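In: this one's structure only:
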């Protein structure tokens, strides 16, 4: 297997975007993402200050101490951590090394500092991909191609149909930066600043390993953004970095517990939430997510995150799911129409605008990546096209490797019957009181 990586290190948004913490591992008490993603966390645990591990969020612990055990379907309305009760903070720099070592142990040939710039097709096959790097141009031939670019770059070059945004609305990016010297211990802190026209008035601080270390989720205020347009991407990067620097100075000046902070580093790139979504053999729908639909025979990944839009739509900014439940993503969301040897994984799979706002988080994408790898190995072993692979075989292999799939009977009693609750994408979750 060959990995083509644009940076000098692997890790995607975790490593290059400083996105923290990792959401999506747990549906309250149930760890729904395990497998290779959990192996990654286990490797981090062997290194001092590499991760805080899986933890209930402080607000979740405080609420349960006050009110007792939650009753799913009744208590989420006023819960500040509904369906995001668990987090996993990771040191992005150490993660680069750990992932690189895991790839090497798996005998993956990694080609860093390289970008795919063209493809060669033979009929309905991607025969070769052309990469550009310091050595010039090289054609890489492969029987099966996995597009994990996040922006569906290879799919787009191959002529696959796709969508961006929703009627001109695109989820905005954020620029993350890391600080030290925070005189606070809470795992997630919202900072409100005096309003200044054209400047960010609030931000979220996310705890990192190490005392006083936090990542700042800095709203970019970038509008009319398109991560697949190099002009807009370049302008957005500069604009967001200046906004982040101003935010750092204002936080240091205005907030007592931030008076001694130091700027450690800006993320190498914008945190991209939204770009191309391919047209696949199945499209994950709003109802699939909101009703926590399970695909007992074809589901290859679990999702738990709220529909987190970061932009005002007809549905608002955030639509919560029932805490303690989860939905599944079927295999065919990764298989594009019209190309016989391409698998797309990550945030660019076939999904509605709202569904993508939930599945785009890192733990979910890690599980999607594992499923894509298993599917590609089955294609090579059985000499089949990706669309011909039986999803039940993917599920069986993933379960044997520690994934959580096919165990719906383990859902606690207080989660039973939630699929019968009425949902409405325009008004969010309706509840029977």
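Out: The structure has been received and is ready for your questions. Bear in mind the structure is a predicted one, so any value in this text is a computation, not a measurement. Numbers count the residues shown, from 1 in each chain.
In: by residue count, what's the longest helix in the protein?
Out: helix 230-254 (DSSP state H).
In: from residue 273, how far out is the most centrally placed residue in the chain?
Out: Nearest to the mean C-alpha position of the chain, counting by C-alpha atoms, centre = their mean, stands residue 361 at 2.2 Å. Residue 361 sits 10 Å away from residue 273, going by C-beta to C-beta, to the nearest Å. Every residue, glycine included, has its C-beta placed from N, CA and C.
In: same thing with residue 3?
Out: Note on residue 3: its distance to residue 273, by C-beta to C-beta, is 24 Å.
In: out of these two, which sits in the more crowded spot?
Out: residue 273 (23 against 16; other C-beta atoms under 10 Å).
In: helix/strand/coil for the residue nearest to residue 170 when sequence neighbours are not counted?
Out: In space, and not counting its chain neighbours, residue 170 is closest to residue 274: 5.0 Å by C-beta to C-beta, 6 or more residues apart in numbering. Classification of residue 274 using DSSP: H, G, I helix; E, B strand; the rest coil returns coil.
In: do residue 172 as well
Out: Three-state assignment for residue 172 (three-state DSSP): coil.
In: do I have it right that it meets residue 225?
Out: Yes. Assessed by C-beta atoms under 8 Å, residue 172 is found in contact with residue 225 at 5.9 Å.
In: which residues of the stretch 51-200 of the chain score low on pLDDT?
Out: Low-confidence segments of the stretch 51-200 of the chain (pLDDT under 70): 72-73, 77.
In: and the helices in it?
Out: In the stretch 51-200 of the chain, the segments counted as helices under DSSP state H, counting those that start in this stretch are 58-67, 92-105, 153-157.
In: pick the most buried one from the ones you listed.
Out: Using mean count of other C-beta atoms under 10 Å, the stretch among the helices of the stretch 51-200 of the chain with the greatest mean number of neighbours is helix 153-157 (a mean of 22).
In: elements contacting that helix?
Out: Helix 153-157 is packed against strand 115-122, strand 145-147, strand 276-278, strand 342-344, with contacts defined by 3 or more C-beta pairs under 8 Å, 6 or more residues apart in numbering; DSSP states H and E.
In: for the ones you listed, which one sits closest to residue 19?
Out: Judged by C-beta to C-beta, the one of the helices and strands packed on helix 153-157 that comes nearest to residue 19 is strand 276-278, at 19.0 Å.
In: packing partners for the host helix or strand of residue 374?
Out: Using DSSP states H and E, residue 374 maps to helix 362-382. Packing partners of helix 362-382 (3+ C-beta pairs under 8 Å, 6+ apart): helix 12-16, helix 35-45, strand 145-147, strand 299-303, strand 342-344, helix 353-359, helix 391-400.
In: try it again at 6 Å.
Out: helix 35-45, strand 299-303, helix 391-400 (3 or more C-beta pairs under 6 Å, 6 or more residues apart in numbering; DSSP states H and E).
In: what's the burial count for residue 146?
Out: Neighbours of residue 146 under the rule other C-beta under 10 Å: 22.
In: want to throw the helices of the stretch 51-200 of the chain into TSV with distance to residue 282?
Out: Conversion of the helices of the stretch 51-200 of the chain to TSV gives the following (distance: least, C-beta to C-beta, whole Å):
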stretch	distance to residue 282
helix 58-67	33
helix 92-105	29
helix 153-157	15
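In: residue 215 is nearest to which of these?
Out: Smallest distance to residue 215 across those (C-beta to C-beta): 8.0 Å, for helix 92-105.
In: against residue 53, how distant is the residue nearest to residue 392 when sequence neighbours are not counted?
Out: What sits nearest to residue 392 in space, not counting adjacent residues and going by C-beta to C-beta, 6+ apart, is residue 297, at 5.7 Å. For residue 297, the distance to residue 53 equals 33 Å [C-beta to C-beta].
In: next: residue 1.
Out: Relative to residue 53, residue 1 is positioned 29 Å away (C-beta to C-beta).
In: the residue nearest to the centre of the chain contacts residue 305, doesn't it?
Out: Yes. Counting by C-beta atoms under 6 Å, residue 361 touches residue 305, with 4.6 Å between them.
In: list residues touching both of the two?
Out: Common contact partners of residue 361 and residue 305 (C-beta atoms under 6 Å, 6 or more residues apart in numbering): 23-24.
In: and stretch 314-327, end to end?
Out: End-to-end distance of stretch 314-327 (C-alpha to C-alpha, to the nearest Å): 23 Å.
In: chain center to that stretch, what's the gap?
Out: Here the centre of stretch 314-327 is set off from its chain's centre by 16 Å, with C-alpha atoms, centre = their mean, to the nearest Å.
In: what bits of the stretch 201-350 of the chain have low per-residue confidence?
Out: In the predicted model, the stretch 201-350 of the chain carries no residue with pLDDT under 70.
In: next, the residue nearest to residue 392: phi, psi?
Out: Dihedral angles phi and psi of residue 297 (degrees, to the nearest 10) take the values phi -100, psi -20.
In: ok, now how distant is it from residue 393?
Out: As judged by C-beta to C-beta, residue 297 and residue 393 stand 11 Å apart.
In: again with residue 333
Out: For residue 333 relative to residue 393 (C-beta to C-beta), the value is 17 Å.
In: quick revisit: between the helices and strands packed on helix 362-382, which gets nearest to residue 147?
Out: Relative to residue 147, the nearest member of these by C-beta to C-beta is strand 299-303, separated by 16.0 Å.
In: surely residue 152 meets residue 278?
Out: Yes. Residue 152 lies in contact with residue 278 (C-beta under 6 Å); the separation is 5.3 Å.
In: intersection of neighbour lists for the two?
Out: Common neighbours of residue 152 and residue 278 (C-beta under 6 Å, 6+ apart) are 162, 344, 348.
In: partner residues bridging the first one?
Out: Here residue 162 sits in beta bridges with residue 278, going by DSSP bridges.
In: what sits against residue 85?
Out: For residue 85, the contact set (C-beta under 6 Å, 6+ apart) comprises 28, 56-57, 60.
In: again, only this time at 8 Å
Out: Counting by C-beta atoms under 8 Å, 6 or more residues apart in numbering, residue 85 makes contact with 26, 28, 56-57, 60, 323.
In: against residue 63, how distant is it?
Out: In terms of C-beta to C-beta, residue 85 sits 9 Å off from residue 63.
In: for residue 82, what are phi and psi?
Out: With angles defined as degrees, to the nearest 10, residue 82 sits at phi -50, psi 120.
In: in terms of secondary structure, what does the longest helix of the chain contact?
Out: Judged by 3+ C-beta pairs under 8 Å, 6+ apart, helix 230-254 is in contact with strand 174-180, strand 214-219, strand 262-266.
In: mind putting those in a markdown table, distance to residue 380 and mean neighbour count included?
Out: A markdown table is the format used below for these (distance: least, C-beta to C-beta, whole Å; neighbours: other C-beta atoms under 10 Å):
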| stretch | distance to residue 380 | mean neighbour count |
| --- | --- | --- |
| strand 174-180 | 37 | 23 |
| strand 214-219 | 39 | 24 |
| strand 262-266 | 40 | 15 |
